[in-house]
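1. Test case, fold it:
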Amino acid sequence: MAKISSQDLGSQPIGKLLVRQAVPAAIGILVMSLNILIDTVFVGHWIGVNAIAAINVVLPVSFFIAALGMAIGIGGSSIISRALGSSNHKKALKTFGNQITLTLLLCTTFVTVGLLFQDAIINSFGGKGDIFEPAKIYYRIVLYGVPILALSMMGNTVIRAEGKPKFGMYAMMIPSVSNLLLDYLFINLFDFGMAGAAWATTLSYGFCFAFILWFFLSKHSELKINFSHLVLNFSVVKEISALGFVTLARQAVVSVTYLFMNNILYNLGGVHAVTSYAIVGRMLMFAMFPVLGVTQGFLPIAGFNYGAKQYDRVKKTIYISIKYASLLATLVFIILMSFPDLITKMFTTDPDVIKETPSAMRWVFAATPIIALQLIGAAYFQATGKARPALLLTLTRQGFFFIPLIFILPNFYGELGVWISFPIADTLATIVTAYFLNREIKKTLNSKSPEVNSIL
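-> The predicted model follows:
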């Protein structure tokens, strides 16, 4: 493989560069999402419907703790991209070292708390009735591996910040493939049930971490840190925290949303409604992989060129990313609107779940064609180090619109009110994002380089 330099982010044509960055990211997300999807299929057919609901209860807790690593990774990677763009290699190294220390300290603390209060946490996230016991088995084992997952998620964002998207893709593929193989071995052959599903997931995190560690120790990485880089520096930690808090807040809201959704749906429709949400949730992770790939590809390009003061390239990156992501989102929309019944039957044979889920899926994905602007707009502010607007736009959809809607609309429309909250929240959040992004382009980027005037 030819050696790729981070400096390519500031010199290659934007379209070509975005494809080079986005395709590996999208493939990595696809494989990871397929892992979650097939894992759910295996669990549903080999263990049962309650097992699907149980995993859906545990995921927001484990992913919130792991998201500490992602938050620190994305916050620090924004700094690293801009530091490499301005040729400040010393700051890039110090930032990476501080990311490692912060991830270990925070995730270990949260996992300890999570294990001490596991019963109360599982119950509050919807692990009630027949769901509680399988959820507890899965929760306890998966949490042991969460710090390793957090380090892996942090390291993966740094790999992309260096402009090495293929290695980032490999890092996402390794745990996905290994998890599926271990699922078959532990659940189907050895009949370990929920414990088998949990250990397959936990061990796959370890394989991912081993690869990422190899990358940073190899000649492929430009970031060769020493012990002094691991010592926390207040100014670096403050900057990582400000930007990383955006990602953490997003995941916190996602976890809170799962908490509310599982409880609201359990009260409205019981286990079958929670299972429908679990299936739709897996499709949200899986089907959006090409759009999320473009968003991930956008981040290092925008950050590097903003740090290098190449504002015309930043604007072109915004415009091209939104165009590509919108086309892909529309394709996803067409597929999901056409085959929701077939997709549901992949997960379960339960007639009640098969009856309820297709309609829910159509409502949840109804506004998919317009969400690219929302995702790229929020990502721009994070990539360029503007924490406040990034945080505002990150919280807009779920925090400001979706959560209030799921408490209001079910009073009038029952379970349907939950599902129609999705497209309403997406539409409102996209309008808000478009306003802030257009204002940023006009006030900041156009004053430096007027070549591209607006995205709208």
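2. Which residue ranges of this structure form strands?
-> Secondary structure of the chain, counting by DSSP state E: no strands present.
3. what's the longest helix in it?
-> Of all the segments assigned as helix in the chain under DSSP state H, the longest by residue count is helix 234-287.
4. I'd like the average pLDDT over that one.
-> The average pLDDT within helix 234-287 is 82.
5. what do you get for stretch 300-317?
-> For stretch 300-317, the per-residue pLDDT averages 86.
6. can you pull the buried residues of that stretch?
-> Neighbour-count burial for stretch 300-317, counted by 16 or more other CB atoms under 10 Å, picks out 300-308, 310-317. In short, each C-beta sits where N, CA and C put it, glycine included.
7. among these, which are in helices?
-> With helices identified by DSSP H, the entries of these that belong to them are 300-307, 311-317.
8. Most widely separated two among the residues you listed?
-> Between all members of these, the longest pairwise span (CB to CB) is found for Pro300 and Asp312 and amounts to 17.5 Å.
9. ok, now how distant is Ser86 from Gly385?
-> 12 Å (CB to CB, to the nearest Å).
10. These two: who's more crowded?
-> Residue environment comparison for Ser86 versus Gly385 gives the larger neighbour count to Gly385, 18 against 15, counting by other CB atoms under 10 Å.
11. Could you report the distance from that one to Ser81?
-> Distance from Gly385 to Ser81, by CB to CB: 10 Å.
12. so what sits against both of those two?
-> Taking CB atoms under 8 Å, 6 or more residues apart in numbering as the contact definition, Gly385 and Ser81 share the neighbouring residues Gly303.
13. which intervals of the stretch 1-150 of the chain have sub-threshold pLDDT?
-> Applying pLDDT under 70 to the predicted model, the residue ranges of the stretch 1-150 of the chain that meet it are 1-8, 10-11, 32-37.
14. For it, which segments are assigned as helices?
-> Ranges of helices within the stretch 1-150 of the chain are 14-46, 49-85, 89-116, 118-124, 132-161, based on DSSP state H, counting those that start in this stretch.
15. wait, which of the ones you listed is closest to Ile403?
-> With CB to CB as the criterion, Ile403 lies closest to helix 49-85 of those, at 13.6 Å.
16. by contact count, what packs against the closest one?
-> Applying 3 or more CB pairs under 8 Å, 6 or more residues apart in numbering; DSSP states H and E, one finds that helix 49-85 makes contact with helix 14-46, helix 89-116, helix 118-124, helix 132-161, helix 193-217, helix 234-287, helix 289-307, helix 371-383.
17. let's see 6 Å
-> Secondary structure elements in contact with helix 49-85, counted by 3 or more CB pairs under 6 Å, 6 or more residues apart in numbering; DSSP states H and E, are helix 14-46, helix 89-116, helix 132-161, helix 234-287, helix 289-307.
18. Which residue is the nearest non-sequential neighbour of Gln382?
-> Nearest residue to Gln382, sequence neighbours excluded (CB to CB, 6 or more residues apart in numbering): Ala390, at 4.2 Å.
19. residue contacts, that neighbour?
-> Contacts were defined as CB atoms under 6 Å, 6 or more residues apart in numbering; by that measure Ala390 touches Val246, Phe381, Gln382.
20. roughly how far apart are it and Lys309?
-> Using CB to CB, one gets 20 Å for the distance from Ala390 to Lys309.
21. ok, now Leu213?
-> Where Lys309 is concerned, Leu213 sits at a distance of 34 Å (CB to CB).
22. quick one: Ser152 and Phe207 touch, right?
-> No: the pair formed by Ser152 and Phe207 falls short of the contact definition of CB atoms under 6 Å, at 9.3 Å.
23. more neighbours, the two?
-> Neighbour tally, Ser152 and Phe207, criterion other CB under 10 Å: the higher count belongs to Ser152, 29 against 18.
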